[in-house]
Each structure stands twice: as C-alpha cells, then as structure tokens.
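Undergrad: One predicted model, sequence on top.
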Amino acid sequence: MIFNPEYECMETAVRQKLQLANLKNLVEMLYANVVFYREKMDALGVKPVDIHSLKDIEKLPFTTKDDLRLNYPHGLLACPKDRIVEVHMSSGTTGKPVVDEYTMKDLNIWRESMARTMAAAGCTKDDIVQNCYGYGLFTGGPGAHYGALTIGAEVLPMSSGNTARQLMVMQDFGSTMLTCTPSYALYMAEEAVDAGIDLHSLPLSKGCFGAEPWSENMRKEIENRYRMKAYDIYGLTEIIGPGVSFECEAQDGLHINEDFFYPEIIDPQTGAILPPGEKGELVFTTLTKEGTPLLRYRTRDITYLMSEPCRCGRTTTRMHRLFGRTDDMLIIRGVNVFPSQIEQALIEIEGTEPQYLIVVNRGESHLDDVELQVEVKREFFSDETRGLEELRNRIENVMKSKLQIGVKVKLVEPKTIERSLGKAKRVIDNRKI
Ligand code: DLL
C-alpha cells in the first residue's frame, strides 16, 4: 500500500522544485543559526544566496561523524532548545555518541517516513505489530512504534530480548507483523523450533528488518521459517532513525523518502558526486528538519542510486541494499561498535597491553558472538589464576558498560597476537551474512 501517494508518486520535476525550495530555506537557516555551518560555509566562500539549483548542493560543505562528535551534545542545534521534545543517540567512534534532537515537526517527519515504510511492507490499521527493536536511546523501537501508530495499527512494544516472552506474546496476541533486526528474527525462529512452536500456523505475514547488514539468503531463510514477506528498511540516527529508505513489494532497491532526505553518492576519496548506477558513499541532506538538520552528511555506507521508475508506482529514487561501509564500524546484534572504542577502553584498564583482536562469529543460533583477545602483562601469568580471573571480569564489565553488548574476553600472553607490518588487523569477522 502507498501511504502518501501525493508525495511518494509525485512527478520528479515537481519534487525537485520542492526539494530546491527546502534546500534554500535549510541553508539560510543553518547559516543564520549554527556557528559550525556558518564557519564551514565561510571557509568555502559560499553564501545562502549562491544556491540557485539542486546541483549547487555540491558547493556546500560535507558533515562527518567526527563533526558530530566534536559538537556533542548540542553544538549542531539549529533551533531554540525549548523546542526539542525527544532525543536519540547511537555510538560514536571514540566514546561520544552521535545525537539527534527532534522538534515536534521532526517527530512528524519521522512518523510519516516510518508510516510510508511500514505501509510499503503491507501494514494496515488491521495489523498487530510485534515491535522487537530496542526501545530507549536507540531509534529502532520508537521509529517502528511511531510508524505503526500513524497507520493506526496495534503495537506490541516488546523491545528486544526475552525470547520466551516474545514467542508467548506472538502466539497469544496473534501478531501479524514483525519488526526487529534480521539476525534476531532468525534467532527467534530457532527458539520457536526448540519450543515446539509451529510458526507456519501463526498469523504473521510480513516484517520490516534492518539496522544491520543482511543478505538475500537471510531474507529467504526468514521468509521460509515464518512463511512471511521480509522487507529491508534502512536508516541512521543522525538523519532521523529508521525510515530513511524502504523496500516496496517489488523488492528491487529501497525507496528513499527524498522529499525529506536528499541523497547523493560521492567518491569517498575525492568527494566528487557520482551518477546513478555508480557505487560510492551515500550522503544525505535533511531538507526539512528543525532540531539537528545536517548538510551533506557522509554516512560511510556504500551503495548506488537507481533512478529508473519502479513498478510499484512510486517515483522516488531508490538505493541498492548496502554493500558495506567505508570505515571499520561493526554492527553487533544491531549495536554499532568501532574497534577504536574497544581500544580506548582497554587503555584505561591497568594490566593490559594495547594489543587486541576482535573475533566475531555468528553461530547456529544466528546471534553474533564476540570474543575479545587481549594481551596482558607477563606478571599476570606467573601470578595465581585469581588475578587473571579478576582482570578478565573487569574487562568484560568495562566492555559491557562502554559498548552495550556482552563480550567474551580471552586473556593471552604478551606477543601472542600476530603483529602486522602494515595496518594492524584488529578484527576477524567470521560471520557469513
Ligand atoms: O540502525 C536505524 C535503524 C533501526 C534502521 C531499525 C533500520 C531499522 P544506527 O544505530 O544509527 O541506526 O545505525 C545506522 O546501521 O549507517 C548502516 O551502516 C546500518 N544499517 C541500518 N539499516 C541497515 C540495513 C539504525 N537495512 C547504521 N542494511 C547505518 C544494512 C543497515 N545496514
């Protein structure tokens, strides 16, 4: 179902006119209200009056994750603080999270974006949506919640985890739609088998999955196990959360809500804009946001844009499902983790050497397991084992609090971890996604 045909099927020329008007307003507003953008634009010698066409966007500065981190927490706020009604965050590269601060208008943009997203997967007011994305600072839970409410569906705000209870509710309340990470969907399906539950006998018929990389194989597996249609949805905290782009029934790329989020693909090395069909780094400008709008935000996600018409009737530009990232960010159980965060935490722990290796596996259960091998000072190994045990527990606790995921720590003797002559290899990712 197309939630908002007026905008989703708008003639391209009309949409571009709207995008240009909004881009001009945005640039004017950022130049007037945000010192960071005024300084960046002055450094490039560009003023709001220099924006005459959408193509002129290339005159504007990029924004990076580092810029967000350096301006934490409120440096990029573009409106009076008392207009902010909600805040979300996700991990940054070295400790400080990236923040999205929403005004009521921003929340309405999010609601609309997620309603379009979920309607494209077939959600109607008759659906019962079991929402197992995490609630809290993460955008997944609230995003799907708002989307379902906007459509008028019933929401079961489960949040993630407690699988036995998820399965009980799924059966007792007759959930018809599932929203969670794809790996958690598969994990739940395995648990259902162990509990003797026949998923095919349940009314679940569709789901929106995202927040982490997944493949066509995983889609088939989810579709077969639940006997449902599985749709890819994409988004990121900095831009709005989930709802930036979504698959329709054609499942041939993800439609970008481009009246709100203007996409570009750039060469990550040179910053030059690439044409549709060419793979590069995805960049978004939030055309209509008020709280923390961003100009040309470099997502570090790799994809290409598709401008051919889609058979669903929507006219919006699509992006291919992601091919990967330009940085070393790992997504573990839906949580963004940078190796540099682990390194930073280790430096603060007495007794460890700055040598570590992160090994990520996806076992039978379909959930990610992380083993962190850490070299420790030799004296720990000549000591009683209690010292080692204490150190291991300390590292596990620090990792849990800093990364928000459980990590299994293995302490190893100095010089055990293979040294590299070039770039240190910090991650072995054995997941076959
Ligand atoms: O993961 C928002 C979200 C929630 C999307 C629920 C979809 C569903 P962050 O925690 O800020 O926000 O992580 C954003 O996750 O830059 C991608 O690298 C990755 N990602 C998100 N969706 C997908 C997807 C949420 N469908 C980062 N496929 C992004 C692959 C994805 N990677």
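TA: Yes, it's here.

Undergrad: Next up, the contacts around residue 343.
TA: Each residue near residue 343 by Cβ atoms under 8 Å, 6 or more residues apart in numbering is listed here: 354, 356, 426. (C-beta placed from N, C-alpha, C; glycine too.)

Undergrad: and stretch 116-126 with the ligand, contact?
TA: No. Using Cβ under 6 Å from any ligand atom, we find that stretch 116-126 stays clear of the ligand, coming within 8.9 Å at best.

Undergrad: got it, and stretch 258-268?
TA: No. Residues of stretch 258-268 are not located near the ligand by Cβ under 6 Å from any ligand atom, the shortest gap being 12.7 Å.

Undergrad: Can you give me the end-to-end span of that stretch?
TA: Distance between the two ends of stretch 258-268: 21 Å, counting by Cα to Cα, to the nearest Å.

Undergrad: What residues sit buried inside it?
TA: Buried residues in stretch 258-268, counting neighbours by 16 or more other Cβ atoms under 10 Å, are found at 258-266, 268.

Undergrad: number of nearby residues for the closest residue to the ligand within the stretch 101-250 of the chain?
TA: As assessed by Cβ to the nearest ligand atom, the ligand sits closest to residue 210 within the stretch 101-250 of the chain, at 3.0 Å. Burial measure for residue 210: 30 neighbouring residues, criterion other Cβ atoms under 10 Å.

Undergrad: Quick check: phi and psi at it.
TA: Phi and psi for residue 210, reported as degrees, to the nearest 10, are phi -180, psi -160.

Undergrad: Just say helix, strand or coil for the closest residue in space to residue 287 that isn't next to it in sequence.
TA: Spatial nearest neighbour of residue 287, chain neighbours left out: residue 22 (4.0 Å); criterion: Cβ to Cβ, 6 or more residues apart in numbering. Classification of residue 22 by DSSP: H, G, I helix; E, B strand; the rest coil places it in helix.

Undergrad: burial measure for residue 22, as a count.
TA: Counted with other Cβ under 10 Å, residues neighbouring residue 22 total 17.

Undergrad: Return the residues in contact with it.
TA: 259, 287-288.

Undergrad: Any chance of CSV for these, columns distance to residue 414, secondary structure and pLDDT?
TA: Below are the contacts of residue 22 laid out as CSV (distance: Cβ to Cβ, whole Å; DSSP: H, G, I helix; E, B strand; the rest coil; pLDDT from 0 to 100):
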residue, distance to residue 414, secondary structure, pLDDT
259, 57, coil, 98
287, 53, coil, 98
288, 55, coil, 98
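
Undergrad: Let's have the residues you listed in JSON lines, adding distance to residue 39.
TA: Below are the contacts of residue 22 laid out as JSON lines (distance: Cβ to Cβ, whole Å):
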{"residue": "259", "distance to residue 39": "29"}
{"residue": "287", "distance to residue 39": "22"}
{"residue": "288", "distance to residue 39": "24"}
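
Undergrad: The ligand contacts on this protein?
TA: The chain has residues 90, 133, 139-140, 143, 210-213, 232-237, 241-242, 299, 301, 322, 325, 331, 336 near the ligand, with proximity defined as Cβ under 6 Å from any ligand atom.

Undergrad: so of these, which ones are in helices?
TA: When DSSP state H is applied, these are split such that 140, 143 fall in helices.

Undergrad: these two touch, right, residue 134 and residue 158?
TA: No. Applying Cβ atoms under 8 Å as the test, residue 134 and residue 158 come out as separate, 9.9 Å apart.

Undergrad: Report the residue ranges of every domain in this structure.
TA: As assigned by automatic domain parsing, the chain contains the domains 1-326, 330-429.

Undergrad: looking at those domains, which is buried most?
TA: Mean neighbour count (mean count of other Cβ atoms under 10 Å) peaks for domain 1-326 among the domains of the chain, with a mean of 19.

Undergrad: Would you work out how far apart the start and end of that domain are?
TA: Per Cα to Cα, domain 1-326 runs 34 Å from first to last residue.

Undergrad: Which pLDDT does the model give the one residue in the stretch 251-400 of the chain that gets nearest to the ligand?
TA: Residue nearest to the ligand within the stretch 251-400 of the chain: residue 322 (4.2 Å; Cβ to the nearest ligand atom). pLDDT, residue 322: 94.

Undergrad: Touching, it and residue 212? I think so.
TA: No. With contacts counted by Cβ under 8 Å, residue 322 stays clear of residue 212, the gap being 9.7 Å.

Undergrad: Need phi/psi at residue 296.
TA: Per degrees, to the nearest 10, the backbone of residue 296 is at phi 50, psi 60.
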